[in-house]
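**Q** how would this look folded up:
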Amino acid sequence: MKHEEELQDQIEQGLRNHDSDDAHAYHRVFNYLKKEPDFHVSLPFADRIIALIEKKEERKDFWWIAAGIFLTVIALIVALAITEVNWTTGVFTFISEYYGLVLFGIAFILLLQWIDKKVIRKQLNLR
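**A** Residues are numbered from 1 along each chain as shown. Next up, the predicted model:
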């Protein structure tokens with residue numbers, strides 16, 4: 001192992017005193033590694049690859065958000081079942097009387113988040 005490392009170091013430094021097959025092989029490998037590749041990637045191809053990567057990341061984000069919302073709802077249901085909440089006292093009287101307004105508020109906030117993600121951030125190139 002030590003002999004191979006010494007051989008590599010000598011070839012990298014330009015010393016070519018060895019006539020062994022290993023020395024020739026290392027020399028050829030290092031010469032090929034110094035050369036630039038003969039192919040070039042076109043810009044539209046690179047843009048398509050980047051777009052595919054971004055789509056995959058967006059899908060992953062969506063599933064993580066959906067899983068988070070689902071688990072939050074499950075945790076809320078479990079917490080409410082365990083604590084036996086009385087819906088007729090305190091702030092819950094507002095929710096029970098104006099549940100349509102509360103649902104509209106939640107839907108409106110979700111709509112604003114969607115508009116921000118799909119329209120505004122794309123126009124500003126933030127994503």
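
**Q** so where is the chain shaky, pLDDT-wise?
**A** Within the chain, the ranges that satisfy pLDDT under 70 run 1, 7, 11, 13-19, 87-89, 92, 125-127.

**Q** repeat that with 50
**A** 127 (pLDDT under 50).

**Q** can you get me a residue count around Phe45?
**A** Neighbour count for Phe45, taken as other C-beta atoms under 10 Å: 10. In short, each C-beta sits where N, CA and C put it, glycine included.

**Q** mind checking how far Glu57 is from Phe45?
**A** Separation of Glu57 from Phe45 (C-beta to C-beta, to the nearest Å): 19 Å.

**Q** in what helix or strand does Asp38 lie?
**A** Using DSSP states H and E, Asp38 maps to neither a helix nor a strand.

**Q** please give the number of neighbouring residues around it.
**A** So Asp38, with other C-beta under 10 Å, has 5 neighbours.

**Q** for Glu57, see how far away it is.
**A** 32 Å.

**Q** just Ile106 next, same as before
**A** Distance check for Ile106 against Glu57: by C-beta to C-beta, it reads 26 Å.

**Q** let me know the secondary structure of Glu36.
**A** coil (DSSP: H, G, I helix; E, B strand; the rest coil).

**Q** neighbours of it, how many?
**A** Residues lying near Glu36 (other C-beta under 10 Å) number 6.

**Q** can I get the CA coordinates of stretch 72-90 in CSV?
**A** C-alpha atoms of stretch 72-90 as CSV (Å, rounded to 0.1, in the frame of the first residue of the first chain):
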residue,chain,number,x,y,z
THR,A,72,-51.9,18.1,13.9
VAL,A,73,-55.6,17.4,13.3
ILE,A,74,-55.2,13.9,14.8
ALA,A,75,-53.4,15.4,17.9
LEU,A,76,-56.2,18.0,18.2
ILE,A,77,-58.9,15.3,18.1
VAL,A,78,-57.0,13.2,20.7
ALA,A,79,-56.5,16.2,23.0
LEU,A,80,-60.1,17.2,22.8
ALA,A,81,-61.3,13.7,23.4
ILE,A,82,-59.0,13.3,26.5
THR,A,83,-59.9,16.7,28.0
GLU,A,84,-63.6,16.5,27.4
VAL,A,85,-63.9,20.1,26.2
ASN,A,86,-67.1,22.0,27.1
TRP,A,87,-68.0,23.9,23.9
THR,A,88,-70.6,26.1,25.6
THR,A,89,-68.2,28.2,27.7
GLY,A,90,-65.5,30.8,27.0
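
**Q** perfect, that will be all.
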